[in-house]
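**Student:** Below is the sequence, then the predicted model.
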Amino acid sequence: MTATAQGSGNTFLWSNGVTGATNTVTTPGTYKVTVTSPSDCQYQKSITVVMDAAITINIAAPSSITCTLPQITLNATASVYQSGAAFLWTASNGGAIVSGANTLTPTVNNSGTYMLTITGTGYSGKTGLLKSLLKYLDGSY
């Protein structure tokens, strides 16, 4: 948050003890700034900061890929994210995404490592990892 005031020589004091025009906060709440002019006049303004909920990725344990079940759907619908978030699954170590890479429920058809990144508006994102889906090719299922 940045407070501005006309003229020069003003001082700024925020309700959380920060001095200066800029106040970076990590906690939601109401913050008040008191601006004092060189002639000792004081002005106050308040601002309420609301923060998006933290992103939490929850990936359910998947079914096994088998000869009779060659594709499965991964499920991250229990994840917590804010409205407007973007989803991106990536696959490595042999993993293959058939469809739904930009959803919480992609379809995959090979064992491997699957990574989900959820990015919210104004938030750098959070990544969850799902490893080692089993694929039985020897008929021992």
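**Tutor:** Ah, there it is.
**Student:** Please give the element, helix or strand, for the residue of the chain most remote from its centre.
**Tutor:** For the chain, the largest distance from the centre (Cα atoms, centre = their mean) belongs to Ser39, which lies 45.6 Å off. Ser39 belongs to no helix or strand when assigned by DSSP states H and E.
**Student:** so where's this protein shaky on pLDDT?
**Tutor:** Applying pLDDT under 70 to the chain flags residues 52, 121-141.
**Student:** all strands for it, in order.
**Tutor:** Along the chain, counting by DSSP state E, strands occupy 11-14, 29-36, 42-49, 72-73, 86-92, 97-99, 107-108, 113-119, 126-130.
**Student:** Those strands: which one's closest to Thr56?
**Tutor:** Among the strands of the chain, strand 126-130 comes nearest to Thr56, with 7.5 Å by Cβ to Cβ. All C-beta atoms are positioned from the backbone trio N, CA, C, and that covers glycine.
**Student:** What count of nearby residues applies to Ala85?
**Tutor:** Ala85 has 18 neighbouring residues, counting by other Cβ atoms under 10 Å.
**Student:** Next, work out how far apart Ala3 and Val18 are.
**Tutor:** 10 Å (Cβ to Cβ, to the nearest Å).
**Student:** Neighbour count: the two, which is higher?
**Tutor:** Per other Cβ under 10 Å, whichever of Ala3 and Val18 has more neighbours is Ala3, with 19 against 16.
**Student:** which one of the strands of the chain lies closest to Ala61?
**Tutor:** Ranking the strands of the chain by proximity to Ala61 (Cβ to Cβ) places strand 126-130 first, at 8.7 Å.
**Student:** How about the contacts made by the nearest residue to Val49 once chain neighbours are set aside?
**Tutor:** Sequence neighbours aside, Pro28 is the residue nearest to Val49 in space, at 5.2 Å (criterion: Cβ to Cβ, 6 or more residues apart in numbering). The contact partners of Pro28, by Cβ atoms under 8 Å, 6 or more residues apart in numbering, come to Val49, Val50, Met51.
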